[in-house]
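Student: predicted model follows, preceded by the sequence.
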Amino acid sequence: MKLIHTINHTDAFILAEQHVIVTTPGHLTGCAYTNLATAWDIPVAPGEFYQLSFDRIIVQKDGLLSYYDSATGELLHRVQLTKKLFAFAGPSHVFQEDGIAGDTINLQLLDISTGAITGEISIPADYQWYVSHPEVVIVSDEKHVLMAIEIASCKVLWEQRVAILVENEVLGTTIPPSVHGHHLFCYTKSRKALKVDVYSGRLEWSFYNELVQSTVPAVYNDTTYFAGNSHILAINASGEIFQEIKYDSYVKEPFYNRTYLAITDTAILLGNPETREILHFNSETGNIVRFYVIGTAGWSLLGYLFAVKEDQLFTVLKNNDGDRQLEIYSLKPDDVS
């Protein structure tokens, strides 16, 4: 692992399909993965929020949504919502709220390319969160019921009470739900991870371990990884542990509990925000490849900004004055510092 780029005064980064998007005050800049050459730049005004959704950049403020192509930086669509945004729905639609009637909230499905309303649906008003898949939006309410809405038809695909999926369980709030491929990953208060098929609501597996709820998992292909302060667990597509990596013997002091993982075809990278230590393991054998300490004294690693793409590790460090810098490391076998 070798440091190949440093960008000072960086807020964060976003890994898109063709570019790394470097976020600095007032700008979103698309840079080539190979040499960080600037491909495009999008100005961002104060108060504007941005995110990457289905490889499109969405900039929003006061109901005005601007969609940009992450490959070219080209403005694709711009639409002004007349009602409150409820959820982004796939790559080309949003749900907006159309009033509350009793204990239900009415939603309108809006096509962002035309501004036309293409569907309507009512759901419980006490929703807690939503996540979007290209074809399905999943919401949860205070009763811990999961509901999947098919975007194309604007109809409910399925509803599942968490306590029925896994007996007597309720959803937790420590780790946010996420969608990977065609599966929803969500987590219960009693430290169980659930993998649910987004099309059917079928529970693929539930997994209990003390690491669940203590760390943010990493999902790579069909494998889910959890890491704590002494070991890493790899869970296969059937919900079974097929690999356990004990790493406490490789570090001088115990790792801070909330460690972060970044996964490639050949490597498992484990980062410790407090000590800036990074452990590099062979993903097939679980053997350690190398131990690193990145950055300098007075800086800490922002674990939620720790990711890999195309043989490169991207991470942001922050110092005691609040300044941030993006550091990019090559993971190629011959690049060793």
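Tutor: Thanks, I have the structure now. Residues are numbered from 1 along each chain as shown.
Student: so what's the gap between the longest strand along the chain and the chain middle?
Tutor: Assignment by DSSP state E gives strand 299-309 as the longest strand of the chain. Computed by C-alpha atoms, centre = their mean, to the nearest Å, the chain-centroid distance of strand 299-309 equals 13 Å.
Student: strand partners of it, parallel vs antiparallel please.
Tutor: Sheet pairing of strand 299-309 (DSSP bridges) gives strand 312-319 (antiparallel).
Student: now the strand it pairs with: buried residues?
Tutor: Buried residues in strand 312-319, counting neighbours by 16 or more other C-beta atoms under 10 Å, are found at 312, 313, 314, 315, 316, 317, 318. For glycine as for every other residue, the C-beta is placed from the backbone atoms N, C-alpha and C.
Student: in the sheet, who's paired with the second one?
Tutor: Partner residues in beta bridges with residue 313, using DSSP bridges, are residue 308, residue 329.
Student: next one: residue 76 from residue 129, what distance?
Tutor: 27 Å (C-beta to C-beta, to the nearest Å).
Student: and the longest strand of the chain, what's buried?
Tutor: Under 16+ other C-beta under 10 Å, the buried positions of strand 299-309 are 299, 300, 301, 302, 303, 305, 306, 307, 308, 309.
Student: hey, what's the second one bridged with?
Tutor: Listed by DSSP bridges, the beta-bridge partners for residue 300 are residue 318.
Student: pretty sure it contacts residue 272?
Tutor: No - when contacts are counted by C-beta atoms under 8 Å, residue 300 is not listed as touching residue 272 (9.5 Å).
Student: now do the same contact list for residue 121.
Tutor: 106, 107, 109, 149, 154, 155, 156 (C-beta atoms under 8 Å, 6 or more residues apart in numbering).
Student: tell me the pLDDT of the third one.
Tutor: According to the predicted model, the pLDDT of residue 109 comes to 97.
Student: partner strands of the helix or strand it falls within and their direction?
Tutor: Element membership for residue 109 (DSSP states H and E) is strand 104-111. Strand pairing for strand 104-111, using DSSP bridges, gives strand 93-101 (antiparallel), strand 117-124 (antiparallel).
Student: okay, buried residues for it please.
Tutor: Here strand 104-111 shows 105, 106, 107, 108, 109, 110, 111 as buried, counting by 16+ other C-beta under 10 Å.
Student: out of those, the closest to residue 220 would be?
Tutor: Each of these was scored against residue 220 by C-beta to C-beta, and residue 109 proved nearest at 32.2 Å.
Student: show the pLDDT at the closest residue to that closest one other than its chain neighbours.
Tutor: Among residues not flanking residue 109 along the chain, residue 119 sits closest, at 3.9 Å (C-beta to C-beta, 6 or more residues apart in numbering). As predicted, residue 119 sits at a pLDDT of 96.
Student: make 23 the starting number, not 1.
Tutor: In the new count, where the first residue is 23, that last one comes out as residue 141.
Student: distance check, residue 141 against residue 115.
Tutor: 9 Å.
Student: which neighbours do the two share?
Tutor: residue 131.
Student: mind putting the buried residues of strand 126-133 in TSV, distance to residue 58 included?
Tutor: Output for the buried residues of strand 126-133, formatted as TSV (distance: C-beta to C-beta, whole Å):
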residue	distance to residue 58
127	45
128	47
129	41
130	42
131	39
132	37
133	36
